[in-house]
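> Sequence first, then the predicted structure, then my questions.
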Amino acid sequence: MEYKCMVCNKKVADTYIKRRVRCPYCGSKMLFKPRSLPTKVKAR
């Protein structure tokens, strides 16, 4: 699982989050898990 920083929008590895909850690039404490886009299927 990867997280993204809300401030600099860079990916942060899950292994880094287990040690501390901070972005290694900008130092922000605001991280989130990006969601995948839902797949829409049309019924026939």
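Now that the structure is in, tell me what you want to look at. Numbers count the residues shown, from 1 in each chain.
> where's residue 31 relative to residue 41, distance?
32 Å (C-beta to C-beta, to the nearest Å). (C-beta placed from N, C-alpha, C; glycine too.)
> Please identify which of the two sits among more neighbours.
Set side by side, residue 31 and residue 41 show more neighbours around residue 31, with 17 against 6, by other C-beta atoms under 10 Å.
> can you list contacts of the lowest-mean-pLDDT helix or strand in the chain?
In the chain, no helix or strand scores lower on mean pLDDT, DSSP states H and E than helix 14-19, which sits at a mean of 76. With C-beta atoms under 8 Å, 6 or more residues apart in numbering as the test, helix 14-19 has contacts from 1-3, 24, 31.
> Got a quick ChimeraX command for the buried subset of these?
Buried subset of these, written as a ChimeraX selection, criterion 16 or more other C-beta atoms under 10 Å:
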select :3,31
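> Lowest-confidence one in the contacts of helix 14-19?
Across these, the smallest pLDDT goes to residue 1, namely 73.
> Confirm for me that that residue is in contact with residue 33.
Yes - counting by C-beta atoms under 8 Å, residue 33 is a contact partner of residue 1 at 6.6 Å.
> Check which helices and strands the very next helix or strand once past the least confident helix or strand of the chain sits against.
Going down the chain from helix 14-19, the next helix or strand is strand 31-32, by DSSP states H and E. Identification of packing neighbours for strand 31-32 by 3 or more C-beta pairs under 8 Å, 6 or more residues apart in numbering; DSSP states H and E yields strand 2-5.
> So for residue 26, what's the pLDDT?
Looking at residue 26, the pLDDT reads 93.
> wait, isn't it in contact with residue 8?
Yes - with contacts counted by C-beta under 8 Å, residue 26 reaches residue 8, the gap being 4.4 Å.
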